[in-house]
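**Q** Need a 3D model of the sequence below.
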Amino acid sequence: MQAGVFLHAARAEKLLEQLQQAGIPAYLETRVQIGPFNNKAEADKAIQKLRSMGIEPVVRVQ
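**A** I've put the predicted structure just below:
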């Protein structure tokens, strides 16, 4: 379950601390996001490049 998304690590750490103090099991993850893309063709090109690098992307549509 996701509780928040932050650009600044300090904000994520603050929420983590609040959740843990409330007795909620919580942890932080580090992610590398790619995009946004102007169209599907650009996204598909990036997917192929990632695959050529041995990276299998997880695609999330917004």
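**Q** center of the chain - which residue?
**A** For the chain, the residue whose C-alpha lies nearest the mean C-alpha position (Cα atoms, centre = their mean) is R31; its distance is 4.4 Å.
**Q** Could you check how far that one is from E42?
**A** Distance, R31 to E42, by Cβ to Cβ, to the nearest Å: 20 Å. C-betas here are computed from N, CA, C, even on glycine.
**Q** What of G23?
**A** Using Cβ to Cβ, we find G23 at a distance of 44 Å from E42.
**Q** Check the gap between R51 and P57 for me.
**A** Separation of R51 from P57 (Cβ to Cβ): 8 Å.
**Q** Not counting sequence-adjacent ones, nearest residue to F37?
**A** When the adjacent residues along the chain are set aside, F37 lies closest to A43, with 4.2 Å between them (Cβ to Cβ, 6 or more residues apart in numbering).
**Q** mind listing what the one you found touches?
**A** In this structure, A43 makes contact with 35, 37, 59, judged by Cβ atoms under 8 Å, 6 or more residues apart in numbering.
**Q** any idea which element it lies in?
**A** In the assignment (DSSP states H and E), A43 maps to helix 40-52.
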